[in-house]
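Asks: this one's structure only:
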């Protein structure tokens, strides 16, 4: 999961553009659905082949709270692994819970970096990213720098949400662009072109000389509790709105009330819980050996 820092509008209560406000992250809120959020990463790792380095050097771009970064040490226990993020809140959580030597003689550490500008300063066997690149406009233009930073036979692997056309996002965008909210929330939310389809990533990475495995999966998460879809998006997609309205609690609660009502209609609860369809897009690219 990736994070971006926040910069506020100089005018309290004034319009907040995408350039002026980036989400502040809440590790506890994000981790409330850690089980469901971790599954796509484990599915991604299952398709990553053996790495050339012994021990391998690994970078996790947008490591968030470090809970999935720690899974890398389970797969490659001797590896030297660095999780990169630029949310102080997430990095503090990751360091407190996961930093240090690993059971196989490797090491797991975390460092501040912005995925939009990060470039490998040493050769890597694996550069991996979990639910981060959707926050990086034009992220496909970074692929050359990242694949150039791989050793021969090294791997670039990532997964991104592909559900920007789902009700959870369309309802959010529709509400944010309504007359009541558009002056304050214009440009804050991402759109359907935030990520490419699998064939788009395949084409971009194959053009860089990589062998590419690209696919998509739609999960149906069964969520429990009251308003569980709202609770889910509070940890991720809704963060830009919550950040933009953070200095106006009344407006924030008004937005949440409208959005909550729309989500209840779009995602009705059943006797077993609330089904939540979530499409994700995956790519594993191996640099030519």
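Replies: That came through, no problem. Just so you know, these numbers come straight off a predicted model, no measurement behind them.

Asks: what segments of the stretch 101-250 of the chain are strands?
Replies: 107-112, 124-130, 150-161, 210-223 (DSSP state E, counting those that start in this stretch).

Asks: quick one: the helices in the stretch 101-250 of the chain?
Replies: 143-148, 167-176, 182-185, 198-206, 228-234, 239-244, 249-266 (DSSP state H, counting those that start in this stretch).

Asks: list the buried residues of the first one.
Replies: What that stands for is helix 143-148. By 16 or more other CB atoms under 10 Å, the buried positions in helix 143-148 come out as 143, 146, 147. In short, each C-beta sits where N, CA and C put it, glycine included.

Asks: tell me what it is packed against?
Replies: With contacts taken as 3 or more CB pairs under 8 Å, 6 or more residues apart in numbering; DSSP states H and E, helix 143-148 sits against strand 150-161, helix 198-206, strand 274-287.

Asks: which other residues reach stretch 57-64?
Replies: 1-3, 25, 27, 30, 51, 68-69, 72, 76, 79-85, 87, 90, 94, 110, 113, 115, 118, 120, 122-133, 135, 158 (CB atoms under 8 Å, 6 or more residues apart in numbering).

Asks: narrow those to just the buried residues.
Replies: So, by 16+ other CB under 10 Å, the buried ones in the contacts of stretch 57-64 are 1-3, 25, 27, 30, 51, 68-69, 72, 76, 79-85, 87, 90, 94, 110, 113, 115, 118, 120, 124-133, 135, 158.

Asks: next up, the contacts around the residue lying closest to residue 108 once chain neighbours are set aside.
Replies: Leaving aside its chain neighbours, residue 108 sits nearest to residue 81 (4.9 Å; criterion: CB to CB, 6 or more residues apart in numbering). By CB under 8 Å, 6+ apart, residue 81 lies in contact with 58, 59, 60, 69, 72, 73, 102, 106, 107, 108, 109.

Asks: which residues does residue 288 contact?
Replies: With CB under 8 Å, 6+ apart, residue 288 has these contacts: 152, 209, 210, 211.

Asks: next one: residue 58 from residue 163, what distance?
Replies: Distance, residue 58 to residue 163, by CB to CB, to the nearest Å: 27 Å.

Asks: which of those two has more neighbours?
Replies: Counted by other CB atoms under 10 Å, residue 58 and residue 163 do not tie: residue 58 has more neighbours, with 26 against 22.

Asks: the more buried one belongs to a strand?
Replies: Yes. When DSSP: H, G, I helix; E, B strand; the rest coil is applied, residue 58 is found to be in a strand.

Asks: give me the beta-bridge partners of it?
Replies: residue 81, residue 126 (DSSP bridges).

Asks: thanks again, I'm all set now.
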